[in-house]
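Novice: A structural model of the following input is requested.
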Amino acid sequence: MKNYLDQALIEYGKSDIYPFHMPGHKRQKLGNWSPEEIDITEIEGFDNLHHAEGILLEGQRRLAELSGADESFYLVNGSTGGLLAAICGCVRRGDRILIGRNCHKAVYHASYLMGLRTEYLYPEAASFGIQGSVTLEQVKKKLEQFPDTAAVVITSPTYDGIVSDIASLAGIVHEREIPLIVDEAHGAHFGYSDGFPEKAVRLGADLCIESLHKTLPSYTQTAALHIKRTGIGEKYRFDPERVKRYLGIYQSSSPSYIFMAGMDRCVRMLQQDAKVYADAETRQNSLFGKFELRLEQFYKECGRLQYVQVYPRFSEADRGRKTEEGIWAKDNSKILISAQRAGMDGQQLYDLLLEKYHLQMEMASGHYATALTSIMDTDEGFARLSRALAELDREEAERRKRLQQEKADLTGQEEQNGFREDCSPPVPVELYQPRKKEMELSDAVDAETSEILLEQAAGHVSAEFIYLYPPGIPIIAPGELLTEQVISQIQDCQRRGLQVQGMRDQEGRMVQVADDLHALQICGKSLY
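Specialist: As a prediction, this is how the structure comes out:
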């Protein structure tokens, strides 16, 4: 591997490593031009993203029509800019906001920048040891508890592909005449085929942010913000001009024409594919038709495995029926794989698939690895993953058979090797339970702080986030009380070798706590 990024990328692109990760174009060449050929600035005839009147306005209108939005906006710095603009445009400084605890850090950053009073929605614990959907009951209860809420923000789908009941949630939120903002970054491919859920913007969301690059053939950092009039009378529950103003603040003043060209090309591909998919006779030849079949075949093959577990395919008939498992619906393009029954944690599985089979997964969690797929994946790619998992499963079956033949104590051997016969998470369920808030997030971040040993931090107010990555859900957020229980949970995760991040001290020994006079006044008590 070369020491220069461009040369290293070219060398990597020539390898046989298959990308089960974003971006959604899967390194397939889609055009006959090089980036340098179309890399320009705002010259005559090519419009200006921050005052679009010509070719860029037309492209964004095509995107809006395709997505079912009133207006859509190109985002050249990912969903991050869209989330910041959406939240800042929908609230006033110091307002109260209701957000999913599993929201992207950009949501927390917007809350900090606007000095918002944050209240959290905690997704249900679901099967396979993952975070589930946000329930209607919880949203309704929180809105009754905090009637001054200015906006609600949820993530759907999650990084694991879990979808919430957007239509019903929108109905509850709109009873308060406030907007529902949906971070649909991982669901840009929704709404284009029967095999995937509908887009949030078509189900009642007022604002929806999508990362085209995550699951569609578009460049890394390309995304879109959709806005929609909703409800009876079809009205905005926010000021769209404020949102546009914040887009101008959070977007680069020199937007990449390479990125915008990539988005325009992606939209054109989707428009063309929609026509092929709509015809029953040609559906199987469409990009989404082929994608559905590949996924269906893959899940069918994986259903025969004994010791390697793949989270089952979610069918249309399942949608809304599995609330007892904490899941409203699931995006089947996110493939969750666990080899706990074969004695491997998520990182070991991730490493083995890369080193032995040259399959690059998207990420490793404590007990599973995730493969992200898209319409640009190939038959060969799916076949390689199927063969790899089947081989791992077969090797584990043969190993167990040998142990039995040697009259070994299988149960004791499994315990010794750390086997797990289920996919329960290797972290306590209490890890993502509500915490006691002593200060507002923005006050804690801006407070004077001290750095103390984590083991001595009980009774102090955290001035920083502490979370496992992935999935990046805060175990503790700024302004929340560090208790003996929370500290014990964090230390347990560290002992297990899980990626505890967010702390300024990257070794995870020291934690920043609020200690200035302002913090003490807010807490109403001495911290020392």
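Novice: Neighbours of the nearest residue to Val276 once chain neighbours are set aside, how many?
Specialist: Leaving aside its chain neighbours, Val276 sits nearest to Ser286 (4.0 Å; criterion: CB to CB, 6 or more residues apart in numbering). The way it works is simple: take the backbone N, C-alpha and C, and place the C-beta from them, glycine included. Residues near Ser286, counting by other CB atoms under 10 Å, number 21.
Novice: looking at it, Ser286 is touching Asp273, isn't it?
Specialist: Yes - here Ser286 reaches Asp273: they are 5.1 Å apart, a contact under CB atoms under 8 Å.
Novice: in the chain, which helix has the most residues?
Specialist: Ranked by residue count under DSSP state H, the longest helix found in the chain is helix 379-405.
Novice: which stretches of the stretch 401-528 of the chain form strands?
Specialist: 449-453, 466-468, 474-476, 500-501, 510-514 (DSSP state E, counting those that start in this stretch).
Novice: Dump the last one to PDB, restricted to CA.
Specialist: In this case it means strand 510-514. This file holds the C-alpha atoms of strand 510-514, laid out as PDB (Å, rounded to 0.1, in the frame of the first residue of the first chain):
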ATOM      1  CA  MET A 510     -10.400  10.200  32.500                       C
ATOM      2  CA  VAL A 511     -13.700  11.900  32.100                       C
ATOM      3  CA  GLN A 512     -14.600  15.600  31.700                       C
ATOM      4  CA  VAL A 513     -17.100  16.800  34.300                       C
ATOM      5  CA  ALA A 514     -18.800  20.200  34.800                       C
END
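Novice: oh, and call the first residue 45 from now on, that's how I've got it
Specialist: Yep, numbering from 45; the last one is strand 554-558 now.
Novice: In terms of secondary structure, what does it contact?
Specialist: Applying 3 or more CB pairs under 8 Å, 6 or more residues apart in numbering; DSSP states H and E, one finds that strand 554-558 contacts strand 493-497.
Novice: which parts of the strand it packs on are buried?
Specialist: Thr493, Ser494, Glu495, Ile496 (16 or more other CB atoms under 10 Å).
Novice: Quick one: end-to-end distance for stretch 145-163.
Specialist: Using CA to CA, to the nearest Å, one end of stretch 145-163 lies 9 Å from the other.
Novice: ok now stretch 261-273, how far from the chain's centre?
Specialist: Taking CA atoms, centre = their mean, to the nearest Å, one finds the center of stretch 261-273 at 14 Å from the center of the full chain.
Novice: hmm, I was thinking of stretch 370-378
Specialist: Centre-to-centre, stretch 370-378 and its host chain are 12 Å apart (CA atoms, centre = their mean).
Novice: again with stretch 80-87
Specialist: Put simply, stretch 80-87 sits 32 Å off its chain's centre (CA atoms, centre = their mean).
Novice: swap in stretch 228-236?
Specialist: Chain-centre distance of stretch 228-236: 11 Å, with CA atoms, centre = their mean.
Novice: before we move on, what about stretch 177-187?
Specialist: On the basis of CA atoms, centre = their mean, stretch 177-187 sits 20 Å off its chain's mean C-alpha point.
Novice: ok, now stretch 441-454?
Specialist: Stretch 441-454 sits 41 Å away from the centroid of its parent chain (CA atoms, centre = their mean).
Novice: Give me the mean pLDDT for it.
Specialist: Average pLDDT, stretch 441-454: 79.
Novice: Using CSV, list the CA coordinates for that stretch.
Specialist: Backbone C-alpha positions of stretch 441-454 (Å, rounded to 0.1, in the frame of the first residue of the first chain) are rendered in CSV as follows:
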residue,chain,number,x,y,z
ALA,A,441,-20.3,-28.3,12.4
GLU,A,442,-17.3,-30.5,11.6
ARG,A,443,-15.4,-29.2,14.6
ARG,A,444,-18.3,-30.1,16.9
LYS,A,445,-18.6,-33.5,15.3
ARG,A,446,-14.9,-34.1,16.0
LEU,A,447,-15.4,-33.1,19.6
GLN,A,448,-18.3,-35.5,20.0
GLN,A,449,-16.3,-38.3,18.4
GLU,A,450,-13.5,-37.7,20.9
LYS,A,451,-16.1,-37.9,23.6
ALA,A,452,-15.3,-34.3,24.7
ASP,A,453,-17.6,-32.5,27.1
LEU,A,454,-19.2,-30.3,24.4
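Novice: residues of that stretch that come out buried?
Specialist: With burial defined by 16+ other CB under 10 Å, the residues of stretch 441-454 counted as buried are Arg444.
Novice: try stretch 233-248
Specialist: The neighbour-count check on stretch 233-248 (16+ other CB under 10 Å) flags 233-237, 239-248 as buried.
Novice: Let me have that stretch in PDB, keeping just the CA atoms, if that works.
Specialist: Extracted in PDB, the C-alpha atoms of stretch 233-248 (Å, rounded to 0.1, in the frame of the first residue of the first chain):
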ATOM      1  CA  HIS A 233     -33.400   3.800  -1.500                       C
ATOM      2  CA  PHE A 234     -36.800   3.600   0.200                       C
ATOM      3  CA  GLY A 235     -40.000   4.000  -1.900                       C
ATOM      4  CA  TYR A 236     -38.700   2.800  -5.200                       C
ATOM      5  CA  SER A 237     -39.800  -0.800  -5.000                       C
ATOM      6  CA  ASP A 238     -42.200  -3.200  -3.200                       C
ATOM      7  CA  GLY A 239     -39.300  -4.800  -1.300                       C
ATOM      8  CA  PHE A 240     -38.500  -1.700   0.800                       C
ATOM      9  CA  PRO A 241     -40.500   0.600   3.100                       C
ATOM     10  CA  GLU A 242     -42.000   3.800   1.900                       C
ATOM     11  CA  LYS A 243     -40.200   7.100   2.200                       C
ATOM     12  CA  ALA A 244     -40.900   9.100   5.300                       C
ATOM     13  CA  VAL A 245     -41.700  12.200   3.400                       C
ATOM     14  CA  ARG A 246     -44.600  10.300   1.700                       C
ATOM     15  CA  LEU A 247     -45.900   9.100   5.100                       C
ATOM     16  CA  GLY A 248     -46.300  12.400   6.800                       C
END
